[in-house]
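J.: Predicted structure and sequence below. I'll ask about it afterward.
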Amino acid sequence: MFSYTIKRLLSLIPVLLGLTLIVFFMIRAIPGNPAQIILGQLATKEAVAELTKQLGLDQPWYTQFFQYLGGLFTGDLGESLRTKSPINEEIWPFLAATAELAFCAMIIAIVIGVNAGIISAWFQNSWFDYVAMILALIGVSMPIFWLGLMEQWVFAINLEWLPTSGRENVRAPIESITNFYILDTLIQGRMDQFWEVVKHLVMPSFALATIPMAIIARITRSTMLEVMKSDFIRTARAKGLRMFWVVYKHSLKNAIIPVLTIIGLQTGLLLGGAILTETIFSWPGIGRYIYDAINYRDYPVIQSGILIIAVIFVTINLIVDLLYAAIDPRIKYN
Amino acid sequence: MKQLKGIWALVLMLLISLALVGCNSSAGTDDEPAEDGDAAEETEATSGGQLVFARGGDSTSLDPAITTEGEAFRVTDNLYETLVNFGPQDTEIEPGLATDWTPSEDGLTHTLNLREGVKFHDGTDFNAEAVVFNFERWKAGDAEQFAYYTSQFGDKIDSVTAVDEYTVEFKLNAPIAPFYKNLAMSPFGIASPAALEEFGDDFFKNPVGTGPFKFKEWKENDRITIVKNEDYWQEGLPKLDEVIFTVIPENSARLNALATGEADLIDGVNFSDKATIESNPDLQVIERPSLNVGYLGLTSTRGPLKDKLVRQALNYAVNKEQIIDAFYAGAADPAVNPMPPVIAGYNPDVADYPYDPEKAKELLAEAGYPDGFEMELWAMPVARPYMPEGQKVAEALQKMFEAVGVKAKIVTYEWGTYLDKAAKGEADTFLLGWTGDNGDADNFLYVLLDQDSIGSNNYSYYQNAEVHELLLKAQASSDQAEREELYKQAQVIIKDDAPWIPLVHSTPLLAASKNVINFLPHPTGSDLLSSVEIKQ
């Protein structure tokens, strides 16, 4: 197990290096000069040339690349071309905002998705099964943009239950310590603000959870159906074990591996793919941070932002792989 | 049987939730008149309170000198003050930090008397030395740092000296016709020399000016909070205690936030939402005076468009009224000249090419294209007040051109790419627009259509020696009547050469809760909030 983990960690190095190189070239292939964009439409050609030089963008690509790489090895993610602040400091609040949102969304997606899948399989062809699977189909194909605006219209404007945007009530802002607002408000013992944060989280979390929830429900249902047809399940039932335990203990444990894979992949996708949700609910997250950087051709921010998401993505999947062995004793890594 | 029961349960649940929705909305309408009644009784507005101003994008800097971005100026205009000010809703010059000013005969020396007793937010005094310090800073920097200073003043300011504590003298080496209009522009807000020295490169995050509000907090991409400057020199201002600028990127979501009361004032309202807002008794639509132009550029170095007759023909083919009705909810005027009529020097005698497809066909035939031709039509990928729906306007234009035999293929690129390629002259025809910075004709005609601006803002590659001469002459003249005459002549020639199809001068829309009063949006987009009040 230990040697496997080390091996996996080592194999990440070429993956991340390759990714850095690809991103480096891709963003430079987009037309548009960062210097021109930073200076605006009124800038003179001389000014643009000068800023290009100052930003080091006139250097040959390999110089730029190795400089950036060198920085990475010392833990320096570079400096934003636009705000001239170190990305290490700048990126954290955005990352925390998205992490909080993605975490809540994944909890919702897993709790509802897995249970809906299990119950659908348990009562196959019942009305619950039909409704759940139709909802799942709608969920997978729902445009988040539309869903988000509909949520706002129903729950904020008509029912007046929830706020439409942001992470907090801006009229009474939170003193942030960790940038995870749920934690911050709990640490400070501000229950009023805690509820405010939860209320702000509900709609974007559900919007973000929709697609993974639907996918998880469908996968859980199909793997559960397969497992529930196996001999050991029939034996368990013949033994007189209660159906609930048969389903939630014996079947689920055997059906969970593919579900876990999907959960891992979806969690990774949520981190980078939250951009639409972040836009509609004006969530100051990493997706929007990188999106804005693309508009400004802020090369270091795009590079480092994508790199960080990639690192998180592969880490989550590594954890999932290790979890297989923990859950299913038949899986051994040597 | 079991299944049937289940379906009934589901139907019941749906009914209950529908009933709940119904209850809640009717309860809402019951409450509203009562609230309105209270507000009406209280005729006198009380000062103080908090204003949440939601907008589409975050500021990039809180130092106005180092940016060119409108969203940045929207905030800095309330933190800093300029030597002279624009009028509340026009671009006429009024006293600001300077109480009066005298230009010399030749327009080369300008003496400004400064307001006494003004203090920066850090407690230091505002005086002639502070003004000199700011100008020295901008002069010493390069275009890379201070883009607006370079474009508006360049090397033309020879020296700025403090004659005495409250008098400054500007010496120019060439006259700058819109000198005072330039001084009133947001980037030239006077910053505290002490703070500039203290914060150095980090000044853009720690702004210190003399304005009605002081900086409190900036959470990037989220919100900027500014609070009342208790020591502000204007008695009784500002009225608000606090202004919070929040970022809500999506137009519909921003409107939703206004409807729920999370925001008090929003910018960037879709024209198509105008009617919805007007029908809501709690909300109001606020119109920003127009200082923009939306146009279709006809790149005069490409294919058939090299021919003036072809460009004129395309002008005849466009029905502007139809576009305005369809995409601007009527909140726009058809454009005739490249600049809006409020600008001094606008030529009202220039007649527009009327909508006349037959005439367009004739001209095309005369130019040697009796069967029309094929070209690209670039659609803006982003919404701007002068072009809210680039794609749809492009489709409408495509139809109009098709009616005269010209086949336009609609293409679009991501915004940065779009501008970059257009600046290189790669577009046949392209949608674009401009919002004025200082209300001077030079800021439209020279910036957008002079040959010097090819490669930057003259995207249509228009070149005419006569226009160039007129524009340069107008730039150097200090006689306002003469300048206006020169600009009028230039517009006649430009109309005939037809480098654009000027489409609209739109009225950008904002919306606010009915409680927000005295908000006067400025045509340049930089809104001063000192007299805004929230009716309790």
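T.: That came in fine, so what should we check first?
J.: Report the separation between the residue lying closest to residue B:268 once chain neighbours are set aside and residue B:436.
T.: In space, and not counting its chain neighbours, residue B:268 is closest to residue B:56: 4.8 Å by C-beta to C-beta, 6 or more residues apart in numbering or on different chains. (C-beta placed from N, C-alpha, C; glycine too.) Noted for residue B:56: a distance of 20 Å to residue B:436, by C-beta to C-beta, to the nearest Å.
J.: who's more crowded, those two?
T.: residue B:436 (22 against 17; other C-beta atoms under 10 Å in any protein chain shown).
J.: which residues sit in contact with that one?
T.: With contacts taken as C-beta atoms under 8 Å, 6 or more residues apart in numbering or on different chains, residue B:436 has the following neighbours: B:91, B:291-292, B:339-340, B:343, B:443-444, B:523-524.
J.: Which residues of the stretch 51-200 of chain B lie near chain A?
T.: By the rule C-beta under 8 Å from any C-beta of the partner chain, the part of the stretch 51-200 of chain B lying against chain A is B:52, B:54, B:57-58, B:60-61, B:67-69, B:142-144, B:147-148, B:150-151.
J.: What strand or helix carries residue B:134?
T.: Here residue B:134 is covered by helix B:128-140, with elements defined by DSSP states H and E.
J.: For that helix, give me every contacting residue.
T.: Contacts of helix B:128-140 from elsewhere in the structure, counted by C-beta under 8 Å, 6+ apart, are B:65, B:83, B:97, B:112, B:114, B:120, B:124, B:146, B:149, B:153, B:157, B:160-168, B:188, B:190-193, B:196.
J.: which residues does residue B:454 contact?
T.: For residue B:454, counting by C-beta under 8 Å, 6+ apart, the contacting residues are B:425, B:461-463.
J.: Just list whatever residues bridge to it.
T.: With beta bridges defined as DSSP bridges, residue B:454 has these partners: residue B:458.
J.: same deal with residue B:505?
T.: Using DSSP bridges, the beta-bridge partners of residue B:505 come out as residue B:333.
J.: tell me the contacts of residue B:444?
T.: Taking C-beta under 8 Å, 6+ apart, we find residue B:444 in contact with B:293, B:338-339, B:343, B:434, B:436.
J.: Can you pull up the residues of the stretch 51-200 of chain A that come close to chain B?
T.: Applying C-beta under 8 Å from any C-beta, one finds that the stretch 51-200 of chain A approaches chain B through A:51, A:54, A:82-84, A:90, A:93-94, A:126-128, A:131, A:148-149, A:152-154, A:156-160, A:163-167, A:169-171, A:173.
J.: Show me which of the residues you listed are buried.
T.: Under a neighbour-count criterion of 16 or more other C-beta atoms under 10 Å in any protein chain shown, the subset of those counted as buried comprises A:51, A:82-83, A:90, A:93-94, A:127-128, A:148-149, A:152, A:156-157, A:163-167, A:169-170, A:173.
J.: Where helices are concerned, which of these count?
T.: Counted as lying in helices by DSSP state H, out of these, are A:51, A:90, A:93-94, A:127-128, A:148-149.
J.: First residue to last residue on stretch A:148-166, what's the distance there?
T.: 13 Å (C-alpha to C-alpha, to the nearest Å).
J.: Name the residues that touch it?
T.: If you take C-beta under 8 Å, 6+ apart as the criterion, stretch A:148-166 is touched by A:169, A:199-200, A:202-204, A:206-207, A:276-277, A:280-284, B:20-21, B:24-25, B:28, B:54, B:222-223, B:246, B:248, B:252-254, B:256-257, B:259-260, B:262.
J.: Generate a ChimeraX selection restricted to the buried subset of those residues.
T.: With 16+ other C-beta under 10 Å as the burial test, the buried ones among these are selected in ChimeraX as follows:
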select /A:169,200,202,203,204,206,207,276,277,280,281,282,283,284 /B:54,222,223,246,248,252,253,254,256,257,259,260,262
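J.: on that earlier part again, wait, the residue nearest to residue B:268 sits on residue B:266?
T.: No: with contact defined as C-beta atoms under 8 Å, residue B:56 does not count as touching residue B:266 (9.1 Å).
J.: shared neighbours of those two, anything?
T.: Any residue near both residue B:56 and residue B:266 by C-beta under 8 Å, 6+ apart counts here, and that gives B:248, B:254.
J.: Could you list the alpha-carbon positions for stretch B:355-363 in PDB?
T.: Extracted as PDB, the C-alpha positions of stretch B:355-363 are listed here (Å, rounded to 0.1, in the frame of the first residue of the first chain):
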ATOM      1  CA  TYR B 355     -33.100  53.500 -45.600                       C
ATOM      2  CA  ASP B 356     -33.400  52.900 -49.300                       C
ATOM      3  CA  PRO B 357     -32.600  49.300 -50.500                       C
ATOM      4  CA  GLU B 358     -33.200  50.300 -54.100                       C
ATOM      5  CA  LYS B 359     -30.700  53.100 -54.000                       C
ATOM      6  CA  ALA B 360     -28.300  50.700 -52.300                       C
ATOM      7  CA  LYS B 361     -28.600  48.200 -55.200                       C
ATOM      8  CA  GLU B 362     -28.100  51.000 -57.700                       C
ATOM      9  CA  LEU B 363     -24.900  52.100 -56.000                       C
END
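J.: now that stretch: mean pLDDT?
T.: Across stretch B:355-363, pLDDT averages out at 94.
J.: How far off centre is it?
T.: In terms of C-alpha atoms, centre = their mean, to the nearest Å, the centre of stretch B:355-363 is set 34 Å apart from its chain centre.
J.: buried ones in it?
T.: B:355-357, B:359-363.
J.: Please apply the same query to stretch B:280-288.
T.: By neighbour count, with 16+ other C-beta under 10 Å as the criterion, the buried positions of stretch B:280-288 are B:283-286, B:288.
J.: now swap in stretch B:53-69 and tell me
T.: The neighbour-count criterion (16+ other C-beta under 10 Å) identifies B:53-68 as the buried residues of stretch B:53-69.
J.: Where strands are concerned, which of those residues count?
T.: Taking DSSP state E as the definition of strands, the buried residues of stretch B:53-69 contribute B:53-55.
J.: Pick the one among the residues you listed closest to chain A.
T.: Checking those against chain A by C-beta to the nearest C-beta gives residue B:54 as the nearest, at 8.0 Å.
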